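Undergrad: Give me coordinates for this.
(one chain, ligands or ions: 2)
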Amino acid sequence: MIVLSCASQSLHFLYFFPMFLKIAINCPLYKIFEYSFNSHGNSIPSDLSGRRVIVSFRNSMVLGIIIGTCEQSSFPGNIKEIIELLDDSPVFDSPTVDLLKWASGYYHYPIGEVFYSALPIALKKNKKEQLKPVTQWHATENGDEKLIKRSALCKEALKIIKESPRTALYLKEIGIKTQTIKKLSSLNLIKENNIRDTMTRWYDRDIIVTDSHTLNEEQLNAFNIINNCRGFKTFVLHGVTGSGKTEVYLQLIAEKLREGRQALILVPEINLTPQTISRFFKRFNVPIVCIHSSLSETERHEAFIAMKKNEAAILIGTRSALFSNIPNLGIIIIDEEHDSSYRQADGFRYNARDCAVMMAYIRKIPIVLGTATPSIETCYNILRGKYEEIRIDNRAGASNSVIFSIIDMRKQYIEHGISRELALHINEELAKEHQVMLLLNRRGYSQKMICHNCGFVFMCQNCDANLTYHQTENRLICHHCETRYPVPVYCPKCGNHELTPTGNGTEQILEHLSTIFPNARPVRMDRDTTSKKGSLNVILNDISANKYNIIIGTQMLAKGHHFPNVTLVGIIDIDSQLYSNNFRASENLAQLIVQIAGRAGRGNKQGYVYLQTHTPEHPLLTTLINGGYDAFSQKCLLRRMNLKLPPATSLAVLKVDGTDREKVVGYISDAYNYMLSVKNDYPETTFSHPVSAFFTRRQNRYHYYINISSLTRKEHSLFIEKIISVINSFRYRSNVHCLIEVDPLNLD
Ligand code: ADP
Ligand code: ZN
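TA: Ligands and ions are numbered 1, 2, ... in the order given. Sure, this is the predicted structure:
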């Protein structure tokens, strides 16, 4: 008997033997930790990677993520056992684990923080995953809203569902009654979409597509090239807005769905409008989910699970949706690939477009980057043959091209930033009952408040920046730290009462246009008027319904909205952006001009674009207007190559900030001296002197930086690794905050 039991034990020997887990823990260390795992006689699952665990770390219980396993530990001494295995299946599938490991290396960001930031919020807690059955409501966009005109409850509920598909659970949570939902549903304003429909799996049904167009020649060419691709390849679908790119995406997705594969579409936050979402819902009879910031934590989590369990077929989301577990992913689409919102601006600073390309590579699937204005990085990758460009040069629907004109401001009578010529053109379009759009990248009433007597400029107490006067709020506001100050009545320096607001902002333009066009119906679209949840959609719907005929706003105007009645676009001031210390400024400006021009003449009417400038002969403007974006991007890329700027070189910035200027300077000087001392080992790498940021003091912290650039990515990476290995040893380490940002959008 004894012998027998020994034998049976030895059969299970492997299972009893502790296994070692490599664990990423949310802490700012570039280190992977090892813990042991004892299955206590149960068999060890083969897919431990990507699951969450609770471990004891620095005397507390913390969340960790398994990123690998091994049978031998590389650490000498005692290895602690994990406390609990939280998940029954991986949160991150193996391609996502690989992607995040790669991203940690590429961006030189601590691995634990990378994994932690990729977790859906609901899973950042030390809790087991909970699954509930889910139905979801989405707006149909084809019911008659007049029927609920008198019901505030119905209108409110519809507004929320229009923002994004909403789970029944969420609607209940925020107090919307079942009756209200039933009413909206009976009026065909909303429809149910069962994302946890396990009775008939989406991939077992016939995929039905509704309302698809017959592709034109250019679209068909693009479709065929991409659809024939087996395995990994990056395609750039380059076509103006309205050229039918989305139609191509939809048909590519239909093919993938027929193969039983899922699709991921990333869009910039602002483009995730009800129109975009409903286009997908109308087209396909499969469960579709969304992940973006205005959804609740639970809703995002439900979407994550639905994709992970292959219960939903399509995920439309912003940046972070990329890290979802999508077992059957067949294609990735990045809409508006040039958009800067793909770049995470704080914490783990990654570019979702670049990570998505890596994800497609790992998963061996095609990825499509769609844009009318490819980023210079993308142009470079096309040139090098890394990406394949497919062009669509003609607009698909009925729409005309636009006529560009430059207004030479030097010869103009100007009132509040609007030239008489522009005012006359606006008048003509308004008389024809068309809509006009005016772009000014400055919110508020006036940029500065100046004493008329002594020239004193009102500055923020916490930042080296002047204050902007906001008339609606009646405050001076700092655009760096958002501190609000009462509007002063006299100058603190000379006591004079004559204080002059100078430099116009969107509020002032609106006021001025209301004076010169008293019958016009103007609206302002900037961060101040759209920051409340849902308010942007209200404005967009009202513009569509012709409630307004003048739309004044910041660059958010330029993003993918479709208003067929807009025939004139005016760019009020481009001079301030023509001269900037950011090497990406001209690229961004050219994209902005082309994108906003794309808002004009989308219907069957002629569109006009007017650019007001004091430097009409500026090469950027002349190249862009005479040769189009292609001519501009070629020139811009050439210039970057000559100046050894990205994408021709790899760039990173060491950013240091702190409340004590001397300590910040002390720290960064040490870093600089260290770089000098190892310089000879890195012949392809150069770095700047420590530089103070353009606005050195922000929120009472002093900002300094050093930029580091290399001719090769490999040496760049090695150099950064070297710096990181000593980053904690410089003077005043505990008094400053420092980080290294790879592929930064801005230097400071
Ligand atoms: P983009 O994504 O490039 O801005 P869309 O796919 O949204 O372009 O197309 C612009 C408009 O043209 C849409 O209203 C769309 O329905 C229509 N459209 C697209 N492709 C076709 C086609 N092949 N035939 C007719 N209309 C089309
Ligand atoms: Zn401030």
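Undergrad: what pLDDT, on average, does stretch 183-196 get?
TA: If you average the pLDDT over stretch 183-196, you get 83.
Undergrad: buried set for that stretch?
TA: By neighbour count with 16 or more other Cβ atoms under 10 Å, stretch 183-196 contains the buried residues 183, 184, 187, 189, 190, 191, 193, 194, 195, 196. Yep, even glycine has a C-beta here, placed from its N, CA and C like the rest.
Undergrad: Using PDB, write out every CA atom in it.
TA: The C-alpha coordinates for stretch 183-196 follow below in PDB (Å, rounded to 0.1, in the frame of the first residue of the first chain):
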ATOM      1  CA  LYS A 183     -40.700  53.800 -24.700                       C
ATOM      2  CA  LEU A 184     -37.600  54.700 -26.600                       C
ATOM      3  CA  SER A 185     -37.400  51.200 -28.000                       C
ATOM      4  CA  SER A 186     -41.000  51.100 -29.100                       C
ATOM      5  CA  LEU A 187     -40.400  54.300 -31.000                       C
ATOM      6  CA  ASN A 188     -37.500  52.700 -32.700                       C
ATOM      7  CA  LEU A 189     -35.100  55.400 -31.300                       C
ATOM      8  CA  ILE A 190     -32.900  52.800 -29.600                       C
ATOM      9  CA  LYS A 191     -32.200  49.100 -30.200                       C
ATOM     10  CA  GLU A 192     -31.000  46.300 -28.000                       C
ATOM     11  CA  ASN A 193     -27.800  44.500 -28.700                       C
ATOM     12  CA  ASN A 194     -27.000  41.400 -26.700                       C
ATOM     13  CA  ILE A 195     -23.300  41.300 -26.200                       C
ATOM     14  CA  ARG A 196     -23.400  38.200 -24.000                       C
END
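Undergrad: Would you quantify the distance from residue 293 to ligand 1?
TA: Between residue 293 and ligand 1 the distance is 23 Å, computed by Cβ to the nearest ligand atom, to the nearest Å.
Undergrad: and that residue, how many neighbours does it have?
TA: Neighbour count for residue 293, taken as other Cβ atoms under 10 Å: 12.
Undergrad: rewinding a little: looking at the buried residues of stretch 183-196, which are in strands?
TA: With DSSP state E as the criterion, strands contain 190, 191, 193 from among these.
Undergrad: Contact partners for the residue lying closest to the second one once chain neighbours are set aside?
TA: If you skip the residues right next to it in sequence, residue 191 has residue 140 as its closest partner in space, 5.3 Å away by Cβ to Cβ, 6 or more residues apart in numbering. Counting by Cβ atoms under 8 Å, 6 or more residues apart in numbering, residue 140 makes contact with 188, 189, 190, 191, 278, 281, 282.
Undergrad: With residue 340 instead?
TA: By Cβ under 8 Å, 6+ apart, residue 340 lies in contact with 588, 745.
Undergrad: Can you list phi and psi of it for me?
TA: Here is the backbone geometry of residue 340 (degrees, to the nearest 10): phi -70, psi -10.
Undergrad: likewise residue 41?
TA: Backbone torsions of residue 41, given as degrees, to the nearest 10, read phi 90, psi -20.
Undergrad: mind checking how far it is from residue 345?
TA: Look at residue 41 and residue 345: by Cβ to Cβ, to the nearest Å, they are 49 Å apart.
Undergrad: cool, residue 725 as well?
TA: Separation of residue 725 from residue 345 (Cβ to Cβ): 27 Å.
Undergrad: what's the answer for residue 468, then?
TA: The gap separating residue 468 from residue 345 is 21 Å, by Cβ to Cβ.
Undergrad: List the buried residues in stretch 540-554.
TA: Result for stretch 540-554 [16+ other Cβ under 10 Å]: buried residues 540, 541, 543, 544, 548, 549, 550, 551, 552, 553, 554.
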